[in-house]
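> Based on what follows, work out the 3D shape:
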Amino acid sequence: MDKILEAVVTSSYPASVKQGLVRRVLEAARQPLEREQCLALLALGARLYVTGADELPRRVGCQLLHVAGRHHPDVFAEFFSARRVLRLLQGGAGPPGVRALACVQLGLQLMPEGPAADEVLAVLRRELLRTVRERPGPAACAQVARLLARHPRCVPEGPHRLLFCQQLVRCLGRFRCPAEGEEGAVEFLEQAQQVSGLLAQLWRAQPAAILPCLKELFAVISCTEEEPPSSALASVVQHLPLELMDGVVRNLSNDDSVSDSQMLTAISRMIDWVSWPLGKNIDKWIIALLKGLAAVKKFSILIEVSLAKIEKVFSKLLYPIVRGAALSVLKYMLLTFQHSHEAFHLLLSHIPPMVASLVKEDSNSGTSCLEQLAELVHCMVFRFPGFPDLYEPVMEAIKDLHVPNEDRIKQLLGQDAWTSQKSELAGFYPRLMAKSDTGKIGLINLGNTCYVNSILQALFMASDFRHCVLRLTENNSQPLMTKLQWLFAFLEHSQRPAISPENFLSASWTPWFSPGTQQDCSEYLKYLLDRLHEEEKTGTRIYQKLKQSSLPSPPEEPPSPTSTSVEKMFGGKIMTRICCLHCLNVSSREEAFTDLSLAFPPAERCRRRRLGSVMFPAEDIGARDPPSPSRAQVPSRAGPRRQRKHCITGGAPPAVLDIEGLGPQGPWEQRSQEEKVEKEEEAKEERVEEKEERAEEKETVEEKEEEAEEERAEETKERVEKEEEREKEGEQVKEEEERVKEERVKEKEERVKEERVKEKEERVKEERVKEKEERVKEERGERRRRREQRRRRREQRRRRREKRRRQRREEKEKEAENEKKKAEDSLGPGTNRAAATSPGEGSRSVLDLVNYFLSPERLTAENRYYCESCASLQDAEKVVELSQGPRYLILTLLRFSFDLRTMRRRKILDDVSIPLLLRLPLAGGHGQAYDLCSVVVHSGVSSESGHYYCYAREGAARPAPSVGTAERPEPENQWYLFNDTRVSFSSFESVSNVTSFFPKDTAYVLFYRQRPGEGPEAEPGSPRVRAEPTLHKDLMEAISKDNILYLQEQEKEARSRAAYISTLPSSPRWGRGFDEDKDEDEGSPGGCNPAGGNGGDFHRLVF
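Below is the predicted model:
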């Protein structure tokens, strides 16, 4: 029968005839057959199935095996033995073929259970391991995967299973697509997916095999001696658990046995996997590995791989099936490559055709990719300005796409830069400094230079002034402004955490300052602005003279003087009017100013605040004293103090339940006794409180008497001094009249001499008067402090009494609630608790100081005014008005006064509340609104010591948000704390409360920004241009070179520290000491030291 069937299959009959004859033979084979005949049929079936030339013989062989296996199982078990399996798998040279493996799989399906089957399985476990070690092709390897998926008992066991998994990874690395065209590619993808699916199945059964397989995978892709492995390895990545990502990346980046060339080769080949269409999470693993390299400062690898692969990744955006992964990797590579424009410029020629292709595609995937690509391009153009010829075709291609705002661009640029990566190895590299998460850069303290750093950071955050400085042309005659431009450019674009202002400090050094000692930041600011103003004015004048000399004929009219940058940004005008009270003649004078120095008004003047010139904040209005209640609400024995207390607690006194009226019946008898005891205790406490109040009243009477005596003594002193001064003034007036008569006769030279003598005498008088005033102020200040201490003690006692009363009321309410639960009838309404607290007397505010500065001043006694109309000294009134407000208003709080006793400048530590919005009155009844943008804080007790730091936000505030968007904070509302090298996020609440937490830390210099749309130069409805200006080419190249140098420095330091750590005898517990985020400045945020409060060792970039 086997001979007949073989002859039929190999004959030249038509296929239909062959199929009919085969059908008859198969029907005969279903009947009982002799053993030899059945074995012959099985041998023929296996031979046709394995070696058949076309589909018909293979199908006939498969049918024969199925018929024999079902109808003659005993003979089939004898035929499909371990020897037969070995013959099939070892029949030829090299690994077994696909048909042989398929025949084995078919035999396993038909094999009955028994000892013979167990022997076959044991042989297969050994032979399949040998098969994969011989590196079969994709088809054979996929057949092995299908066989093991159907028959998992054939998988090698014990240690051989791990070896089998590793050899499967090696097999995937050798895969090559055997055919061209779409069908061959699809088949190749399916084969790779089947093998990787087998690996995933084995990993689920044995999770411990995942990490060894990953090591094998890295060994394959990092090998530099062999040919590049197949991209089919990407199919393995989709089955890796994402939970292992952080640990795997950390181990790889910290493995000293992995060389840079191996790491570069591995990451380059992984980026090539982006083209694998069926791989999931490939982009996540690539980005995680790039982040790990950035965390350990291996920037040379990142730079090389980015420049080598970014164009290839960009080209994959054309294919929708891999577009998502390619776009994720591209965004990360571009947004992290911020030290130089080289990577972005490699893509400029490819962007326009890519945009055209995506527009033509017209799909959801293409539209989303276009939007993200346009956003990415705008970020890069913002980061690397100054190449209009290169960017013009690109911007033309994306002109119809959405343009992100500057806040979104800064957010994207700030979150992915290599120097802003969170290092997972911070414990191993504790001294490697990274750029602040704020995206801002600090300034290194060069030895008590915090006063310079604070002023420079405040000027840098004044965005309009910063833009004006950065727009300075390359060829100019302003050396100091040029140094400031370089400093601002590096503060904006450098990757360093902090830079050194040494060059700028030496160029702007104030001549009378002593090096290495603390100085007044306000004095330095005035000197710096004057230097910049005079330098620009001189340069402009020289330029105009050179321009005139080059003309053939001189101009008819001299050119009008132009305003300097300092005048445009900080210059305002102030009008001073003095009215003689005798003849009512008014003299006026207009002066320019760059800052206003605000003196502290007397305490009584703060209470009588003028409400017309400055707008008060809500907290000042709410802090006014409430009206006093009527006397009917309070017992008369309490006096006015009782009235104040009940006014504080609000409502009428609590209702008291008359317990005695309930009678002795029921359960209330015991309660009445308890309440009587409580009443007696309350009466005792009230008596004690009355005694304390009487003692307080006595103290107040004594204080008033002391104050009255002090005032009388002061008045007598003042009267005596005034009488003496009047006598002196009378004599001086006579002498002056005689001198005037003599001066009319004498020559002009003698007049000049006498005027000088007069000026000297007046100076002496002014100094004496000032000394007297300062002494009087000091004595008054000491008396005021004593009174304040007494008032605080009384306030503490009053609060303790209020607290005891509140506790008693709360206990009563609790008892009433418990009785309500127990009793059946309600006892009526409960008592009310007082929740209000006494509003303390408000502290000084900037509004008080501005009002005091603008208030009229009487010029009397020794300060009398010389009236030209009267030709004599007369009483006068001096009025100061602001005729023109600056764009940036600088307010200096005069906290330092000269102490004649100690001969040193002492500091006024009074807290001053700072409003966010300040409405400044101008001449003519108009006003201008200013938004707070910077606050320079001085920490210490004198101007010769302490520390300066700065709170600031972007000095280009927007108008007030609408009602619907009020809850969402604007980016301009983000405050930063600049403390030398340390830069951190802050808030206006921290600015307002810094003095309450740290009494020696007080606001000193304030920067206010004119609200947009209210200045004379603003047009209504015109949006404010907020883009950073383009820098000139030399400056951009210097920044790029320094960023590359910094990355190399960081990498070198990281490697040296890693080498040092690897030589340690044992691994300490790194996480205990270094990972704790502690502020080195205990208490106050100040603390001036050469490292700027941070204590770090920086790679310095000197300006």
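> what are the ranges of the strands in the stretch 301-450 of the chain?
442-443 (DSSP state E, counting those that start in this stretch).
> can you check the stretch 751-900 of the chain too?
844-845, 857-859, 865-867, 872-874, 876-884, 888-893, 896-899.
> Please work out which of those strands is packed deepest.
Ranked by mean neighbour count, these are led by strand 888-893 with a mean of 24 (mean count of other Cβ atoms under 10 Å). (Each C-beta comes from the backbone N, C-alpha and C, glycine too.)
> As a quick check, tell me the outermost residue of this structure.
Distance from the C-alpha centroid of the chain peaks at Glu34, with 86.9 Å (Cα atoms, centre = their mean).
> Distance of the residue lying closest to Gly439 once chain neighbours are set aside relative to Ile444?
Leaving aside its chain neighbours, Gly439 sits nearest to Gly414 (3.9 Å; criterion: Cβ to Cβ, 6 or more residues apart in numbering). Using Cβ to Cβ, to the nearest Å, Gly414 is found at 22 Å from Ile444.
> Also Phe600?
The gap separating Phe600 from Ile444 is 34 Å, by Cβ to Cβ.
> These two: who's more crowded?
A count of neighbours by other Cβ atoms under 10 Å puts Ile444 above the other of Phe600 and Ile444, at 25 against 18.
> What is the neighbour count of the closest residue in space to the more buried one that isn't next to it in sequence?
Distances taken as Cβ to Cβ, 6+ apart place Ser500 nearest to Ile444, at 4.4 Å, with adjacent residues excluded. Neighbour count for Ser500, taken as other Cβ under 10 Å: 21.
> who's Ser500 bridged to?
Taking DSSP bridges as the rule, Ser500 bridges to Val1102.
> so it touches Thr449, yeah?
No. Counting by Cβ atoms under 8 Å, Ser500 stays clear of Thr449, with 9.8 Å between them.
> in the stretch 351-500 of the chain, what spans have low per-residue confidence?
Along the stretch 351-500 of the chain, segments meeting pLDDT under 70 span 386, 388-389, 416, 418-435, 475.
> Can you list the buried residues in stretch 19-31?
Across stretch 19-31, burial judged by 16 or more other Cβ atoms under 10 Å covers Leu21, Val22, Val25, Leu26, Ala29.
> now, among those, which is nearest to Gly247?
Nearest to Gly247 out of these is Leu26 (Cβ to Cβ; 58.8 Å).
> these two touch, right, that closest one and Leu65?
No. Taking contacts as Cβ under 8 Å, Leu26 lies outside contact range of Leu65: 11.2 Å.
> Let's verify Glu227: helix, strand, or coil?
Using DSSP: H, G, I helix; E, B strand; the rest coil, the three-state assignment for Glu227 comes out as coil.
> Hmm, the residue nearest to Gly439 is touching Lys440, no?
No. Contact criterion Cβ under 8 Å: Gly414 and Lys440 do not qualify, at 9.5 Å.
> Have a look at those two and say which one is more surrounded.
Between Gly414 and Lys440, Lys440 has the larger neighbour count (other Cβ under 10 Å), namely 21 against 17.
> is it true that the more buried one touches Val983?
Yes. Because the distance of 4.4 Å satisfies Cβ under 8 Å, Lys440 is recorded as touching Val983.
> I'd like to check what contacts stretch 320-331. Which residues are they?
271, 274-277, 279, 282-284, 286-287, 310, 313-314, 316-317, 319, 361, 363, 365-366, 369, 372-373, 376 (Cβ atoms under 8 Å, 6 or more residues apart in numbering).
> can you count the residues close to the nearest residue to Ala192 once chain neighbours are set aside?
Spatial nearest neighbour of Ala192, chain neighbours left out: Ala232 (4.0 Å); criterion: Cβ to Cβ, 6+ apart. For Ala232, the count of nearby residues is 26 (other Cβ under 10 Å).
> which other helices and strands contact the helix ranked longest in the chain?
Secondary structure of the chain per DSSP state H: the longest helix is helix 668-745. In terms of contacts (3 or more Cβ pairs under 8 Å, 6 or more residues apart in numbering; DSSP states H and E), helix 668-745 is packed against helix 639-649, helix 748-822.
> any idea of the mean pLDDT for that helix?
Across helix 668-745, pLDDT averages out at 70.
> So which residue is smack in the middle of the protein?
With distances taken as Cα atoms, centre = their mean, Thr438 lies nearest the centre of the chain, 3.2 Å away.
> Which residues are in contact with that one?
By Cβ under 8 Å, 6+ apart, Thr438 lies in contact with Tyr976, Val983, Ser984, Phe985.
> Closest to Gln495 out of those?
Val983 (14.0 Å).
> Send over the one helix or strand the closest one maps to as PDB, restricted to the C-alpha atoms.
Element membership for Val983 (DSSP states H and E) is strand 982-986. Extracted in PDB, the C-alpha atoms of strand 982-986 (Å, rounded to 0.1, in the frame of the first residue of the first chain):
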ATOM      1  CA  ARG A 982      21.200  79.500  45.800                       C
ATOM      2  CA  VAL A 983      18.100  80.100  43.800                       C
ATOM      3  CA  SER A 984      14.700  78.700  44.900                       C
ATOM      4  CA  PHE A 985      11.000  79.200  44.500                       C
ATOM      5  CA  SER A 986       9.300  81.500  46.900                       C
END
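> Name the residues of it that come out as buried.
For strand 982-986, using 16+ other Cβ under 10 Å, the buried residues are Arg982, Val983, Ser984, Ser986.
> Tell me which other helices or strands the biggest strand by length in the chain touches.
When the chain is parsed with DSSP state E, its longest strand is strand 927-939. Here strand 927-939 touches helix 450-461, strand 917-921, strand 947-952, helix 988-997, strand 1001-1010, going by 3+ Cβ pairs under 8 Å, 6+ apart.
> could these be laid out in JSON lines, adding distance to Asn818 and mean neighbour count?
Listed next are the helices and strands packed on strand 927-939 as JSON lines, based on distance: least, Cβ to Cβ, whole Å; neighbours: other Cβ atoms under 10 Å:
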{"stretch": "helix 450-461", "distance to Asn818": "60", "mean neighbour count": "26"}
{"stretch": "strand 917-921", "distance to Asn818": "51", "mean neighbour count": "19"}
{"stretch": "strand 947-952", "distance to Asn818": "52", "mean neighbour count": "27"}
{"stretch": "helix 988-997", "distance to Asn818": "41", "mean neighbour count": "16"}
{"stretch": "strand 1001-1010", "distance to Asn818": "49", "mean neighbour count": "24"}
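> how about the ones you listed, which one is nearest Glu817?
helix 988-997 (37.6 Å).
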